[in-house]
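Asks: Got a predicted model here, sequence first, then my questions.
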Amino acid sequence: MRVLVLEDDPTDAFAMRRELAGRFEVTLAATLADALVRLTTPGLKPDVIVTDLNLPDSNGPRTLEILRGASPDIPIVVSTGHLSEGVRRQLDLLGVAHLHDKNDGFALLRAVLQHTESVHHSIAVHKAHISTEIERVARLAAEEAAGRAIGELVQRLGLHDEEGVRMAVRLARGWDAAKSRFAAAIAAGLASALLLAVSAGIVAILKNQGSK
């Protein structure tokens, strides 16, 4: 798991790296500006952020607010000194994943990140399972829809039925194009949305032909 540590105190920064490096891939940033560059550069985004609230270019809950705006899906652990109850409530409202008191030592921070890593892995596995299941069901449903449409067409199609031949050609072309769009959409994670479009397209073809 990649961890971005925002800490301007060199002693604390290297203590965190020493404590975490055995298990995590740790990157240090001394300013909020440096962290934002990493968060907006492809390939540099971390899996979790550990930040002090008081940095050279940002102070207090505003630090968390800016980080949350730049990385809404990345868990953020605030590692700082003693906090007032008012500040704690602000941080909770801003969606902090965990509050770590530096006075408790960095071994506890390591345990917090190990738990975060476990949760992160579980979520990733769950998402992968759901994506695979959506793809499977969507493909089956699309094939079934096409089968029903072709079955209805076969009933109308006779050896010398010119209209039926035209329908077969149009449906074949439409289905081939729909399959290509369907496969592309699955790759982009849009299987369920395109399934509706595929089904609607087949129905539209049949309705259009039925009205002629």
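Replies: Received it, and whenever you're ready, just let me know what you need. All of these numbers come straight from a predicted model, not from anything done at the bench. Numbering: from 1, shown residues only.
Asks: where does this structure dip in pLDDT?
Replies: 118-127, 142, 146-147, 149-212 (pLDDT under 70).
Asks: What are the boundaries of the strands in it?
Replies: 2-6, 25-29, 48-51, 76-80, 98-101 (DSSP state E).
Asks: Include mean neighbour count and distance to residue 87 when you put those strands into a markdown table, please.
Replies: (Glycine included, C-beta is placed from N, CA and C.) As requested, the strands of the chain are exported to a markdown table (neighbours: other CB atoms under 10 Å; distance: least, CB to CB, whole Å):
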| stretch | mean neighbour count | distance to residue 87 |
| --- | --- | --- |
| strand 2-6 | 23 | 17 |
| strand 25-29 | 18 | 22 |
| strand 48-51 | 25 | 14 |
| strand 76-80 | 22 | 9 |
| strand 98-101 | 16 | 10 |
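Asks: can you put the ones you listed in a markdown table and add distance to residue 67?
Replies: Formatted as a markdown table, these follow (distance: least, CB to CB, whole Å):
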| stretch | distance to residue 67 |
| --- | --- |
| strand 2-6 | 8 |
| strand 25-29 | 11 |
| strand 48-51 | 6 |
| strand 76-80 | 6 |
| strand 98-101 | 14 |
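Asks: Go ahead and confirm residue 51 touches residue 74.
Replies: No - judged on CB atoms under 8 Å, residue 51 makes no contact with residue 74 at a distance of 11.0 Å.
Asks: next one: phi and psi at residue 75?
Replies: Dihedral angles of residue 75 (phi, psi; degrees, to the nearest 10) stand at phi -60, psi 140.
Asks: and the closest residue to residue 7 other than its chain neighbours, how far is that from residue 31?
Replies: Excluding its sequence neighbours, the residue lying closest to residue 7 (CB to CB, 6 or more residues apart in numbering) is residue 13, at 4.1 Å. Using CB to CB, to the nearest Å, residue 13 is found at 12 Å from residue 31.
Asks: which of the two has more neighbours?
Replies: residue 13 (18 against 14; other CB atoms under 10 Å).
Asks: how near is that one to residue 141?
Replies: Distance from residue 13 to residue 141, by CB to CB: 53 Å.
Asks: What's the local residue count around residue 55?
Replies: 20.
Asks: Who are the contact partners of residue 20?
Replies: With contacts defined as CB atoms under 8 Å, 6 or more residues apart in numbering, the neighbours of residue 20 are 3, 5, 26, 106, 109, 110, 113.
Asks: hang on, isn't the fourth one packed against residue 21?
Replies: No - with the criterion set as CB under 8 Å, residue 106 and residue 21 do not qualify as a contacting pair; they are 11.2 Å apart.
Asks: how about the helices in this structure?
Replies: 10-20, 32-39, 61-70, 85-93, 106-156, 162-187, 191-210 (DSSP state H).
Asks: Which positions in the shortest one come out as buried?
Replies: For helix 32-39, burial by neighbour count (16 or more other CB atoms under 10 Å) applies to 32, 34, 35, 36, 38, 39.
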